[in-house]
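need coordinates for the following:
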Amino acid sequence: MRPNVALIYVAISVIALSVAAMLYRLTPVPLELGVTFAAIIFFALATLDQAVSRSADQKAFREQMEMSDHALQDAFNEIDMIRSRLVSLETDTQQAVDAGVAPVHRDLQAVGALLSQVTETVADADHRLVTVEEQMKGLASRALRQGNTQTPQARAVGSPPIKQTPAPSISASFEKAVQAAKQKAHSGATETHLEKDAEEKARQKTAEAAKQKAEELQARQEAEERARKEAAAREEERSRALLKRVASAVENDRIEVALQSIVTLPLRRARAYATIFNLQLEGAGTLEARHAVPAVEAAGVSDVYSKGIVLRALALAQKFAARESASMVFVPISGAAIMQSRFADWLVKRLGDNKDYADRFIIEIAQKDVREFSPIDFELLNTLADLGFRMSVTQLEDARTDLFELSRYGFRYAKAPASLFLGSDAGSKSDIHPEDLSDLAVRNGMDLIVDQVESEAQLVELLECKLKYGQGNLFARARVVDVTPHADVFDLNEAALNDKSKQAVEPVESVDELANTGEADETQVSAEPLGDTKPARRRAFVRSLTPEVVAPPSTANTSSSTKKPASKKAATAKSSSRTAARPSTSAGALSRTA
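Numbering: from 1, shown residues only. Modelled structure (predicted):
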């Protein structure tokens with residue numbers, strides 16, 4: 001705390017007077033000159049005090065501004081998270097309302113169609129009745145007109161007034177006309193009655209047909225609802241069985257590790273390795289990493305799965321460090337696991353005990369998970385960054401300006417798919433042009449890594465964006481490696497270790513070989529056409545579960561040796577021959593959508 005200003009100036013005055021007295025006593029300096037020196041020292045010390053005070057005030061102000069910025073940023077993050085949750089809630093609510101209203105809407109449309117048919121039938125009958133009535137009125141008026149025209153003629157040519165009588169011919173014709181009108185009216189009434197009966201029968205038939213259609217529609221809807229419920233029950237049962245097998249695989253530590261090279265561009269030299277963790281399910285089949293992560297989260301064992309991933313990645317980092325390799329390991333960790341306090345504490349402790357490998361251990365977190373982090377989760381990332389570990393945001397859906405603000409939380413890499421830079425809609429996924437993204441990332445202390453590069457044509461366009469690193473099947477396919485964490489860093493129980501050692505695992509490459517080959521040639525594996533090599537014996541197993549979720553176990557060349565090559569040249573030749581001989585595995589197929 002800064003002392004009182006008055007005390008500071010009293011001390012300065014005492015110092016100045018002491019200097020003047022010493023000059024006057026110890027040197028032949030006149031008293032006036034000593035006082036002048038004292039005044040100069042006083043003003044110099046006062047000026048220095050003012051400068052120090054101003055610097056301290058400015059530093060305190062800057063610290064307060066930084067704290068305010070951090071608080072505002074945290075508030076903005078919370079607001080964005082609340083906004084995304086509200087949008088998701090509105091979408092789910094609208095879908096639920098639409099799902100409930102759609103059957104009622106279809107029923108109302110069917111009833112409306114039936115009512116329109118009945119209305120048309122009744123209107124047609126009314127029209128016929130009106131036509132018959134008009135015909136009756138026309139006949140009666142015509143008969144009356146004929147009678148009125150004949151009576152004056154009879155009066156003009158008749159007998160004397162004394163014996164006035166109607167003419168027989170006129171009377172007879174009039175009676176005939178009236179009789180004909182009555183007969184026609186009677187026949188018209190009969191026809192009208194018959195038409196009414198026919199219309200009534202038609203109306204009854206229409207009502208019966210409408211009722212029958214409504215019953216058929218209701219029966220069809222009930223059958224569809226029953227079929228839908230049965231299908232949902234079967235799907236739920238299948239999902240429960242799959243999740244049970246996933247939980248068993250995680251608890252028994254049946255995690256398969258595959259590595260895919262991350263190369264420099266345009267020289268295509270291996271710089272790092274992306275880790276891909278598949279699950280070997282009980283019986284047969286391998287659950288690929290892109291399906292394993294949501295399945296593990298649904299099964300509630302994401303913390304155990306993430307612990308196994310971290311421990312294997314630490315073993316890889318240890319192996320690279322022992323062989324004096326500069327390669328880095330990119331380790332994907334689920335955001336759901338990071339948001340669990342128990343796993344977060346374990347991760348900080350484990351990485352703190354192994355911070356010597358911080359320069360080789362890169363933590364990968366998906367962008368959608370980062371956007372759901374709370375300030376507490378970002379504080380965990382700051383703690384890991386203080387230990388020397390770096391982070392990478394992966395699975396980029398867009399490249400907005402807030403992406404590069406993650407650099408202050410220890411993010412040094414951003415892995416984006418090739419589609420973010422290519423295609424007609426590439427510009428809509430970013431606030432700036434794709435060709436300027438790399439330079440912007442470098443200015444913010446981050447490097448971009450383009451993922452899912454599959455062809456030379458894509459690479460030619462991507463090089464125009466000044467990208468430094470690339471990953472994909474064009475450079476190297478994912479290769480399964482045998483990783484057994486050492487006992488001093490692997491904290492699972494001994495039974496799990498023994499169970500892992502007894503599993504029938506197909507031959508894979510050793511980490512020693514991978515470190516040798518990766519550092520010896522520093523080249524990419526030549527691109528090969530993608531193929532489907534799923535064995536027929538496991539297709540039935542895949543169909544028994546959710547389609548396109550469980551892939552068969554990855555195959556490997558049974559003749560590959562795990563011995564260390566005698567020289568770098570031999571290691572290069574051996575790695576190239578092994579990669580050319582191995583068919584594309586499920587891990588290779590996984591890398592296309594990692």
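
and the longest helix for the protein?
helix 31-157 (DSSP state H).

okay, the angle between the helix or strand following that one and helix 31-157?
Remark: after helix 31-157, the chain's next helix or strand is helix 168-251, criterion DSSP states H and E. Between the axis of helix 168-251 and that of helix 31-157 there is an angle of 150 degrees, by axes from the mean of the first three to the mean of the last three C-alpha atoms, to 10 degrees.

is it true that Leu459 touches Leu467?
No: checked against C-beta atoms under 8 Å, the pair Leu459 and Leu467 is beyond contact range at 9.5 Å. C-beta coordinates here come from the backbone N, C-alpha and C atoms, glycine included.

list the beta-bridge partners for Thr275.
Beta-bridge pairing for Thr275 (DSSP bridges): Leu259.

quick one, what contacts it?
Counting by C-beta atoms under 8 Å, 6 or more residues apart in numbering, Thr275 touches 257-259, 309, 312-313, 316, 329-332.

shaky segments in this structure?
For the chain, applying pLDDT under 70 flags the ranges 1-3, 143, 146-191, 284, 401, 423-429, 485-594.

and with 50 instead?
Applying pLDDT under 50 to the chain flags the ranges 153-157, 159, 162-170, 486-512, 515-594.

so for it, the centremost residue is which one?
For the chain, the residue sitting closest to the mean C-alpha position, by C-alpha atoms, centre = their mean, is Lys368 at 6.9 Å.

just to check, that one is in contact with Gln395?
Yes: using C-beta under 8 Å, Lys368 makes contact with Gln395 at a distance of 7.0 Å.

who touches both of these two?
By C-beta under 8 Å, 6+ apart, no residue touches both Lys368 and Gln395.

one step back: surely the residue nearest to the centre of the chain forms part of a helix?
Yes: assignment of Lys368 by DSSP: H, G, I helix; E, B strand; the rest coil places it within a helix.

would Arg268 count as being in a strand?
No: read with three-state DSSP, Arg268 is coil and lies in no strand.

tell me if I'm right that it and Phe475 touch.
Yes: contact criterion C-beta under 8 Å: Arg268 and Phe475 qualify, at 5.9 Å.

neighbour count: the two, which is higher?
Phe475 (22 against 18; other C-beta atoms under 10 Å).

in stretch 195-211, which residues are buried?
199, 206, 210 (16 or more other C-beta atoms under 10 Å).

could I get the residues you listed as a markdown table with distance to Tyr357?
As requested, the buried residues of stretch 195-211 are exported to a markdown table (distance: C-beta to C-beta, whole Å):
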| residue | distance to Tyr357 |
| --- | --- |
| Glu199 | 93 |
| Thr206 | 83 |
| Ala210 | 77 |
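
which one of these is nearest to Glu435?
Ala210 (65.9 Å; C-beta to C-beta).

okay, now Pro266: neighbour count?
13.

skipping adjacent residues, who's closest to it in space?
Closest residue in space to Pro266, ignoring its immediate chain neighbours: Leu463 at 5.8 Å, by C-beta to C-beta, 6 or more residues apart in numbering.

as a check, name the ranges of all strands in the stretch 401-550 of the chain.
411-417, 447-451, 469-471, 479-482, 509-510, 550-551 (DSSP state E, counting those that start in this stretch).

who's in contact with the first one?
Strand 411-417 is touched from outside by 330, 362, 364, 381, 390-396, 399, 403-404, 441, 445-452, 471, with contacts defined as C-beta under 8 Å, 6+ apart.

which of the residues you listed count as buried?
330, 362, 364, 381, 390-396, 399, 403-404, 441, 446, 448-452, 471.

among those, which ones are in helices?
Those of the buried ones among the contacts of strand 411-417 lying in helices (DSSP H): 381, 441.

quick one: the helices in the stretch 251-400 of the chain, in order.
289-299, 302-322, 335-338, 341-353, 367-370, 375-386 (DSSP state H, counting those that start in this stretch).

CSV for those, including distance to Asp482?
Listed next are the helices of the stretch 251-400 of the chain as CSV, based on distance: least, C-beta to C-beta, whole Å:
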stretch, distance to Asp482
helix 289-299, 17
helix 302-322, 11
helix 335-338, 25
helix 341-353, 22
helix 367-370, 29
helix 375-386, 28
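
nearest to Arg479, of these?
helix 302-322 (12.8 Å).

what comes up buried for that closest one?
Buried, per 16+ other C-beta under 10 Å, within helix 302-322: 302-321.

please apply the same query to stretch 106-118.
Per 16+ other C-beta under 10 Å, stretch 106-118 contains these buried residues: Leu114.

what does it contact?
Outside stretch 106-118, the residues touching it (C-beta under 8 Å, 6+ apart) are 203, 206-207, 210, 213-214, 217, 221.

again, 10 Å this time
For stretch 106-118, the external contacting residues (C-beta atoms under 10 Å, 6 or more residues apart in numbering) are 101, 203, 206-207, 209-211, 213-214, 217-218, 221.

mind checking how far Arg268 is from Glu456?
11 Å (C-beta to C-beta, to the nearest Å).

shared neighbours, these two?
Common neighbours of Arg268 and Glu456 are listed as Leu474 (criterion: C-beta under 10 Å, 6+ apart).

show me what contacts the residue nearest to the centre of the chain?
Here Lys368 is in contact with 84, 335, 395-397 (C-beta under 10 Å, 6+ apart).

could the residues you listed be laid out in CSV, adding distance to Trp346?
Formatted as CSV, the contacts of Lys368 follow (distance: C-beta to C-beta, whole Å):
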residue, distance to Trp346
Ser84, 28
Gly335, 16
Gln395, 24
Leu396, 28
Glu397, 29
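
looking at the residues you listed, spot the one nearest Arg342.
Using C-beta to C-beta, the contacts of Lys368 come closest to Arg342 at Gly335, 15.2 Å.

correct me, but that closest one touches Phe378?
No: judged on C-beta atoms under 10 Å, Gly335 makes no contact with Phe378 at a distance of 12.0 Å.

ok now stretch 263-281, how far from the chain's centre?
Its chain's average C-alpha position is 23 Å from that of stretch 263-281, according to C-alpha atoms, centre = their mean, to the nearest Å.

CA atoms only for that stretch, dumped as CSV, please.
Listed next in CSV are the C-alpha coordinates belonging to stretch 263-281 (Å, rounded to 0.1, in the frame of the first residue of the first chain):
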residue,chain,number,x,y,z
VAL,A,263,2.8,-33.4,-42.1
THR,A,264,4.3,-30.1,-43.0
LEU,A,265,3.2,-28.4,-46.2
PRO,A,266,4.3,-28.4,-49.0
LEU,A,267,7.3,-30.7,-48.1
ARG,A,268,5.1,-33.4,-46.5
ARG,A,269,7.4,-34.2,-43.7
ALA,A,270,6.0,-35.9,-40.6
ARG,A,271,5.8,-33.4,-37.8
ALA,A,272,3.2,-34.9,-35.3
TYR,A,273,0.7,-37.8,-35.0
ALA,A,274,-3.0,-37.6,-34.5
THR,A,275,-4.2,-40.4,-32.2
ILE,A,276,-7.4,-42.4,-33.0
PHE,A,277,-8.9,-44.5,-30.3
ASN,A,278,-11.3,-47.3,-31.3
LEU,A,279,-13.1,-49.7,-29.0
GLN,A,280,-12.8,-53.5,-29.4
LEU,A,281,-16.2,-54.8,-28.5
